[in-house]
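Undergrad: sequence first, predicted model second:
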Amino acid sequence: MLLRVRPFPSFPPLSTSFHRRRYSVSAQVTTASSPTTPPQPTTPLVKTALFIPPGVAEEDVSMEMVLPGSNIVLGPYAGDAKVKSVEFVKSSAKAKDCPRDPIRRPEFAVLGRSNVGKSSLINSLVRKKDVALTSKKPGKTQLINHFLINKSWYLVDLPGYGFAHAPRSAKTDWSAFTKGYFLNRDSLVSALLLIDSSVPPQQIDLDCANWLGRNNIGFTFVFTKCDKVRATKGKRSDDNLKKFQDMISNYYKEPPPWIMTSSVTGLGRDDLLLHMSQLRNYWDQEDI
Ligand SMILES: Nc1nc2c(ncn2[C@@H]2O[C@H](COP(=O)(O)OP(=O)(O)OP(=O)(O)O)[C@@H](O)[C@H]2O)c(=O)[nH]1
Ligand SMILES: [Mg+2]
């Protein structure tokens, strides 16, 4: 029997504000050792709170298991991460119009502020230029767009939130429309919550993360535009990233996964696909 399980981990209910919450990171890492050198003593990893997937014991985590530019440990469920085919399935104006898949293939939803790079990330993941339409102007994606990958799982491009200046016709009521999608889509494995690394942390992104947490929807923070060395608002991208990551570390007892990406350079693309494969395969596991 195929058991469909909810994504892991389920985040604790969160308040709407981003409290500082102290926690101690207990992940232990063993230093990499070559076959000729004896194993090094275990060193506590103090700074980086790791996301440890199912199938991995905390004490077995080593640095080689952590995906570059992320806090994500790769576990035994990872595999088949290559994108071989992509098909546009449909655009839906309402959550209830989304494809009804009789075999409930798993899906990942890409969400974030308008212009954060959702459609660009999808194009980057599938290595095609314009599968998803992008624009310099915020508010380009207005519908829920389903793309079928390798005929076995879906990527979903969503309209952005937080864009108040769109013309009336282009405005999207994110709360009624996209929230309806998240609350009713039982084939959703995980959301990818995109965060623009070229601007300082934004309250609206934290509110969105909290909303997902409160509704028990698993998500991965995907930092976009990490190719931008100088950010638009004076701070460097890496300063913005550090601030955001510190907030994550201080807030979550079990930190959600995060990864740095760029749709321009391809940074993080293959690693994000690997991470998604482990989420997918775990979700899809068979239980007899
Ligand atoms: N430098 C850089 N620019 C990016 C990156 N990703 C996206 N962009 C640019 O950001 C702008 C917005 O990209 P989109 O992919 O359309 O953003 P979106 O989140 O889908 O926007 P909406 O559909 O309006 O919500 C475009 O001009 C992209 O070229 C990136 O990784 N690096
Ligand atoms: Mg878009």
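TA: Yep, that arrived. Ligands and ions are numbered 1, 2, ... in the order given.
Undergrad: can you read off the pLDDT for the spatially closest residue to Val56 that is not a sequence neighbour?
TA: With Cβ to Cβ, 6 or more residues apart in numbering as the measure, Gly75 is the residue that lies nearest to Val56, at 4.3 Å, once sequence neighbours are left out. The way it works is simple: take the backbone N, C-alpha and C, and place the C-beta from them, glycine included. The predicted structure scores Gly75 at 95 on the pLDDT scale.
Undergrad: got it, and the one 5 residues further on?
TA: As summarised for this prediction, Asp80 has a pLDDT of 81.
Undergrad: and Thr178, by the same measure?
TA: The score at Thr178 is 85. That number is its pLDDT.
Undergrad: now do Arg100
TA: The score at Arg100 is 93. That number is its pLDDT.
Undergrad: and it, helix, strand or coil?
TA: Under DSSP: H, G, I helix; E, B strand; the rest coil, the three-state class of Arg100 is coil.
Undergrad: my read is the residue nearest to Val56 is in a helix, agree?
TA: No. Assessed by three-state DSSP, Gly75 does not belong to a helix; its assignment is coil.
Undergrad: that one: neighbour count?
TA: For Gly75, the number of neighbouring residues by other Cβ atoms under 10 Å comes to 20.
Undergrad: got the contact list for it?
TA: Applying Cβ atoms under 8 Å, 6 or more residues apart in numbering, we find Gly75 in contact with Ile52, Pro53, Pro54, Gly55, Val56, Met65, Gln278.
Undergrad: return the member of those nearest to ligand 2.
TA: Using Cβ to the ion, Gln278 is the member of those that lies nearest ligand 2, at 26.0 Å.
Undergrad: any idea which element the closest one lies in?
TA: helix 269-283 (DSSP states H and E).
Undergrad: list the helices and strands that helix packs on?
TA: For helix 269-283, the packing partners by 3 or more Cβ pairs under 8 Å, 6 or more residues apart in numbering; DSSP states H and E come out as strand 107-112, helix 118-126, strand 188-196, strand 219-224, strand 258-260.
Undergrad: turn the ones you listed into CSV, columns for mean pLDDT and distance to ligand 1.
TA: Below are the helices and strands packed on helix 269-283 laid out as CSV (pLDDT from 0 to 100; distance: least, Cβ to the nearest ligand atom, whole Å):
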stretch, mean pLDDT, distance to ligand 1
strand 107-112, 96, 6
helix 118-126, 96, 3
strand 188-196, 96, 7
strand 219-224, 96, 5
strand 258-260, 95, 10
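Undergrad: reformat the ones you listed as CSV; add mean neighbour count.
TA: Compiled in CSV, the helices and strands packed on helix 269-283 are given as follows (neighbours: other Cβ atoms under 10 Å):
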stretch, mean neighbour count
strand 107-112, 24
helix 118-126, 24
strand 188-196, 24
strand 219-224, 25
strand 258-260, 24
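Undergrad: mind putting these in a markdown table, distance to Ala132 included?
TA: As requested, the helices and strands packed on helix 269-283 are exported to a markdown table (distance: least, Cβ to Cβ, whole Å):
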| stretch | distance to Ala132 |
| --- | --- |
| strand 107-112 | 9 |
| helix 118-126 | 4 |
| strand 188-196 | 13 |
| strand 219-224 | 14 |
| strand 258-260 | 19 |
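Undergrad: show me which residues of this protein are close to ligand 1?
TA: Near ligand 1, the residues belonging to the chain are 112, 114-120, 134-136, 138-141, 159-160, 224-225, 227-228, 262-264 when assessed by Cβ under 6 Å from any ligand atom.
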